[in-house]
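In: sequence and predicted structure are below.
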Amino acid sequence: MSPMREWVWHRRVWRLAWPMVVSNLSVPLLGAVDTAVIGHLPEPHFLGAVAVGALIFNTIYFGSNFLRMGTTGLTAQCYGARDFDGARATLARALVIALVLAALLLALQGPIGRLAFHLVEPSEAVAGEGMGYFFIRIWGAPAALANIALVGWFIGMQNTRAALALLLTVNGINIVLDLVLVLGFGLAVAGAAWATVAADYSGLLLGLVVTARLARRHGGQWRPHLLLDVTAMRRFLGINRDIFLRTLFVITAFALFTTLSARQGDVVLAANAVLLNFVVFFNFAFDGFAFAVEALTGRALGARRREDLARAIRVCLLWSLALALLTVAVYGLAGLPVIRVLTDIDPVRAVAYDYLPWLIALPLVAVWGIFFDGVFTGTTRTADMRNTMMLAFAVFVPCAWLLREPLGNHGLWLAMTLLYVVRGAGLGVIYLGIVRRGGFLPADGPRDS
């Protein structure tokens, strides 16, 4: 590739990646502001109530992330093929599924809320406030789930700035309303819940306006018969099923990690909770380049441009590895000060210091699975993602149980590291096999752009 062509591809990747890196990093910022605002209320059970309620919704919405990932890959392929009728139909299918899921959540909110709080087993004071938070915030589910689908569509349409605008709108309004409703009007936990609901619907309104503009710009028609196409809907549901199962194994692995942390005592549990902030941070950061590779590989596959597909994978991988090395350096240099900022409890700090080396090394291991998730999402090879995550989970569970006893908390972090190793190595092996068999495009597909 000529130097000029190489530069064009690096610019293309950065144009797609940086808005998602910025918007992703706004998510933990929102969590920090929520904690700070509620943490200034007079009683600790207010903070516990929001923490438990947010945990429930984070689980629900993270589990619904298939709405974004499945939509991105299919939309990007339609974009590459210049099939803008198909791109519109993909969004319509995603929104229909989002609204059906939201209707189920609203209809079953009573049993879901009671079961969730029964499983968490908070104190009576936390449960009382937390249930109030849950039954307010659940009414934002239609907007929250629709926004997940819209973000996926924007990425697939190669417009991550639209996704950035939507996510920053939601998080920005949430932060402002948190301050106004909780501290200004004294609505406490209910104010935090209403702030999130209002932010979700504000984001949805903006998302629909941007969607209408993008649809007009690229052309195409809203064709009901495409929405109702049985073959297309079956494929869409199959992709979403695979991603949902893959995500379910991820959620369960982290839940088991937390459970086994708790069995080692409150200090270890708190230290691991502090260190998991490092995991959340690099996952959100790496996802920016994973989203870029989703958009570019899907587009190249739809356009049947074999060379563009290879270039997208190579350039995105280079940037992902560069970011992983940067993250290792930042964690190595700033890890101890960050821990001191996150907690002022000396025993928790001491334990977190002991296990920080795992977090310094983990980005170099984790980057591969996150990157290849982007490749396989863009090319809609979601069954491979599902199967690899199942294998990683099957390795993680016995290792977490068996290594915890002889190695203590080091055994638990070793098991977490192995989860990422198997996930990345498994997808890497599958990817190399696909390349040896001729690549993601059929043998008669174009070989250059």
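Out: That came in fine, so what should we check first? Numbers count the residues shown, from 1 in each chain.
In: now for this structure, the helix or strand with the poorest mean pLDDT.
Out: Scoring the helices and strands of the chain by mean pLDDT, DSSP states H and E places helix 3-38 at the bottom, with a mean of 76.
In: what are the contacting residues of the helix or strand following that helix?
Out: As assigned by DSSP states H and E, the chain's next helix or strand after helix 3-38 is helix 44-63. By C-beta atoms under 8 Å, 6 or more residues apart in numbering, the residues outside helix 44-63 that reach it are 31, 34-35, 38-39, 41, 105, 113, 116-117, 120, 122-123, 125-130, 132-134, 137, 141, 144-145, 148, 188-189, 192-193, 244, 247-248, 251. Where C-beta positions appear, they are placed from N, C-alpha and C, glycine not excepted.
In: could you do stretch 337-349 as well?
Out: Counting by C-beta under 8 Å, 6+ apart, 267, 270-271, 274-275, 277-278, 352-353, 356 sit against stretch 337-349.
In: re the thing from before, can you name every helix or strand that the least confident helix or strand of the chain contacts?
Out: If you count contacts as 3 or more C-beta pairs under 8 Å, 6 or more residues apart in numbering; DSSP states H and E, helix 3-38 packs onto helix 44-63, helix 160-177, helix 188-218, helix 266-303, helix 306-342.
In: dump those to TSV, plus mean pLDDT.
Out: As requested, the helices and strands packed on helix 3-38 are exported to TSV (pLDDT from 0 to 100):
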stretch	mean pLDDT
helix 44-63	79
helix 160-177	93
helix 188-218	95
helix 266-303	87
helix 306-342	91
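In: tell me the most buried of the ones you listed?
Out: helix 266-303 (a mean of 23; mean count of other C-beta atoms under 10 Å).
In: next one: it to chain centre, how far?
Out: Centre-to-centre, helix 266-303 and its host chain are 7 Å apart (C-alpha atoms, centre = their mean, to the nearest Å).
In: please apply the same query to stretch 213-221.
Out: With C-alpha atoms, centre = their mean as the basis, the mean position of stretch 213-221 lies at 27 Å from the chain mean.
In: hang on, the earlier thing: got the angle for the least confident helix or strand of the chain vs helix 160-177?
Out: If you take axes from the mean of the first three to the mean of the last three C-alpha atoms, to 10 degrees, helix 3-38 sits at 10 degrees to helix 160-177.
In: shaky segments in the stretch 301-449 of the chain?
Out: Applying pLDDT under 70 to the stretch 301-449 of the chain flags the ranges 442-449.
In: now the nearest residue to A425 once chain neighbours are set aside: how far from L275?
Out: In this structure, A425 finds its nearest non-sequential neighbour in W368, 7.2 Å apart by C-beta to C-beta, 6 or more residues apart in numbering. From W368 across to L275, the span is 21 Å (C-beta to C-beta, to the nearest Å).
In: not counting sequence-adjacent ones, nearest residue to R68?
Out: G152 (3.6 Å).
In: so which strand or helix has that neighbour?
Out: helix 141-156.
In: just checking, what packs against that helix?
Out: Using 3+ C-beta pairs under 8 Å, 6+ apart: helix 141-156 touches helix 44-63, helix 66-80, helix 84-107, helix 160-177, helix 188-218, helix 266-303.
In: for the second one, name the packing helices and strands.
Out: Of the remaining helices and strands, those touching helix 66-80 by 3+ C-beta pairs under 8 Å, 6+ apart are helix 84-107, helix 141-156, helix 230-262, helix 266-303, helix 346-378, helix 382-407.
In: residues of that helix that come out buried?
Out: 66-80 (16 or more other C-beta atoms under 10 Å).
In: redo the helices and strands packed on helix 3-38 as a markdown table? Include distance to G438.
Out: Shown next, in a markdown table, are those (distance: least, C-beta to C-beta, whole Å):
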| stretch | distance to G438 |
| --- | --- |
| helix 44-63 | 35 |
| helix 160-177 | 30 |
| helix 188-218 | 31 |
| helix 266-303 | 13 |
| helix 306-342 | 9 |
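In: so which of those helices gets nearest L403?
Out: helix 266-303 (14.5 Å; C-beta to C-beta).
In: helices and strands around the closest one, which ones?
Out: helix 3-38, helix 66-80, helix 141-156, helix 160-177, helix 230-262, helix 306-342, helix 346-378, helix 409-436.
In: reformat these as CSV; add distance to W401.
Out: Listed next are these as CSV, based on distance: least, C-beta to C-beta, whole Å:
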stretch, distance to W401
helix 3-38, 30
helix 66-80, 29
helix 141-156, 33
helix 160-177, 38
helix 230-262, 8
helix 306-342, 27
helix 346-378, 18
helix 409-436, 8
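In: among those, which is nearest F396?
Out: Per C-beta to C-beta, nearest to F396 of the helices and strands packed on helix 266-303: helix 409-436, 4.2 Å.
In: just want the angle from the closest one to helix 306-342.
Out: Going by the same axes, to 10 degrees, helix 409-436 makes 170 degrees with helix 306-342.
In: tell me the helices and strands packed up against helix 409-436.
Out: So helix 409-436, by 3+ C-beta pairs under 8 Å, 6+ apart, packs with helix 230-262, helix 266-303, helix 346-378, helix 382-407.
In: buried residues in the third one?
Out: Spelled out, it's helix 346-378. Residues of helix 346-378 classed as buried: 348-349, 351-352, 355-356, 358-360, 362-363, 365-378 (neighbour count, 16+ other C-beta under 10 Å).
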